[in-house]
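1. how would this look folded up:
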Amino acid sequence: MEPVTRVAGTAYPWGQKNVDTDVIIPAHWLKTIKRSGLGRGAFEVVRAQPGNIFDDPRYAGSPILIAGDNFGCGSSREHAAWALADMGVRAVIAPSFSDIFSGNAFKNGIVTVVLPQEAIDRLIAVAQDGEITVDLETMTVTTPYQDRFPFTLDPFRRRCLIEGLDEVGLTLAKDTAISKFEEAMHRQRPWIKDRSGNAGIAVEGAGRT
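-> Numbers count the residues shown, from 1 in each chain. Below is the predicted model of the structure:
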């Protein structure tokens, strides 16, 4: 995934509480296993309402979403995070998140920032005509009006986001150590290799009829 050190720009000043994953991406969009294209279905029910915030040209393409308590509750569908990422959202700010959604968001390079309701109210007001900045290096959310809200983030998740490390990236980062372990294992237990040199127990006559 792409590294995230700073997310800045306009923000959707939504503030809605208890937004479940079916609101983020309805169930009929779950037939695909592709991450691209889901942004079209993001908040479909909300977008069906005239004058909704997600179709307001003032906030088009905003990289930040400001929400209310318990954002991402409901099912464990990772498609919710995929849909947000596909519509360009790189950070969600709310008083609380569903644990499963927060984990899915992290795996897809989306920063979940927890701030108290007072800070959320202020950011919603600022977002009407001002930009917001989420900085992972200083661990703060700031505005052009000198607002500065510190937040916390799990150190491991923060490092992965800043360095752009997902599960594959974390594994590849240990490639040297893994290779050394395998070499040592093959020396100590040569019988675990088959005749082709691959790992596995050789079985005499395997595959013969």
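2. okay, and the helix or strand of the chain with the least pLDDT?
-> The element with the least model confidence among the helices and strands of the chain, by mean pLDDT, DSSP states H and E, is helix 167-173, at a mean of 60.
3. my guess is Ala80 contacts Cys73. True?
-> No. With contact defined as Cβ atoms under 8 Å, Ala80 and Cys73 do not form a contacting pair (10.3 Å). C-beta here means a position set from N, CA and C on the backbone, and glycine is covered the same way.
4. tell me, what's touching those two both at once?
-> Overlap between the neighbourhoods of Ala80 and Cys73 consists of Thr21, Phe101, taking contacts as Cβ atoms under 8 Å, 6 or more residues apart in numbering.
5. what helix or strand does the residue most central in space within the chain sit in?
-> For the chain, the residue sitting closest to the mean C-alpha position, by Cα atoms, centre = their mean, is Ala105 at 2.3 Å. Ala105 belongs to helix 99-107 when assigned by DSSP states H and E.
6. now the host helix or strand of Phe181: average pLDDT?
-> Mapping Phe181 onto the secondary structure by DSSP H and E places it in helix 175-188. Within the predicted structure, the mean pLDDT of helix 175-188 is 73.
7. helices of the chain, residue ranges please.
-> Counting by DSSP state H, one finds helices in the chain at the ranges 21-24, 44-47, 79-86, 99-107, 117-126, 155-163, 167-173, 175-188.
8. using PDB, write out every CA atom in the longest one.
-> In PDB, the C-alpha atoms belonging to helix 175-188 read as follows (Å, rounded to 0.1, in the frame of the first residue of the first chain):
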ATOM      1  CA  ASP A 175      13.100 -12.000   3.400                       C
ATOM      2  CA  THR A 176      16.700 -12.300   4.500                       C
ATOM      3  CA  ALA A 177      15.900 -13.700   7.900                       C
ATOM      4  CA  ILE A 178      13.400 -16.200   6.300                       C
ATOM      5  CA  SER A 179      16.000 -17.300   3.800                       C
ATOM      6  CA  LYS A 180      18.600 -17.900   6.500                       C
ATOM      7  CA  PHE A 181      16.200 -19.900   8.600                       C
ATOM      8  CA  GLU A 182      15.300 -22.100   5.600                       C
ATOM      9  CA  GLU A 183      18.900 -22.700   4.700                       C
ATOM     10  CA  ALA A 184      19.700 -23.600   8.300                       C
ATOM     11  CA  MET A 185      16.600 -25.900   8.500                       C
ATOM     12  CA  HIS A 186      17.700 -27.700   5.300                       C
ATOM     13  CA  ARG A 187      21.200 -28.300   6.700                       C
ATOM     14  CA  GLN A 188      19.800 -29.600  10.000                       C
END
